[in-house]
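Trainee: Just the structure for this:
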Amino acid sequence: MTDHAIEQEIQARGLTAPRITPADLQANIKECHYFTAQNGVQYADPFAAQYTDKSLDLLTFCVLVLKNGFTVTGESACASPENFDAEVGRKIARQNAEKKIWPLMGYALKQQLHDAK
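Mentor: Numbers count the residues shown, from 1 in each chain. Model (predicted):
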């Protein structure tokens, strides 16, 4: 079930207590950056890049910078070079990064509710 489908079900059931919505999560993302492991190696040591394994091109990273400056990462690895598609890799890496934001925002909301008591 997608985040959107879950949100629709929550709304349909009339659950109105404070919660984190998919829109809240997206609004909390300030920046998004993508790179491959190969890009990272080339940046770290431009001379080493010519000797690295080509499979580093198949590992995609997504770094999300949240509004408070905290960062989360997601990654996507492709087993078969023939199936590699940069756009698909970026989408999967971002999805994996976004999954890490839910518990962070949930914790922050729970703390706010606790402090308000």
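
Trainee: any weak-confidence spans in this structure?
Mentor: For the chain, the stretches flagged by pLDDT under 70 are 49-51.

Trainee: Strands along that one, start to end?
Mentor: Counting by DSSP state E, the chain has strands at residues 29-36, 59-66, 71-77.

Trainee: list the helices and strands the last one packs on?
Mentor: Using 3 or more CB pairs under 8 Å, 6 or more residues apart in numbering; DSSP states H and E as the contact criterion, the neighbours of strand 71-77 among helices and strands are strand 59-66, helix 86-116. To be clear about C-beta, it is placed using only N, CA and C from the backbone, and glycine gets the same treatment.

Trainee: Go through the ones you listed and name the closest to V41.
Mentor: strand 59-66 (10.4 Å; CB to CB).

Trainee: Show me what that closest one is packed up against.
Mentor: Using 3+ CB pairs under 8 Å, 6+ apart: strand 59-66 touches strand 29-36, helix 37-44, strand 71-77, helix 86-116.
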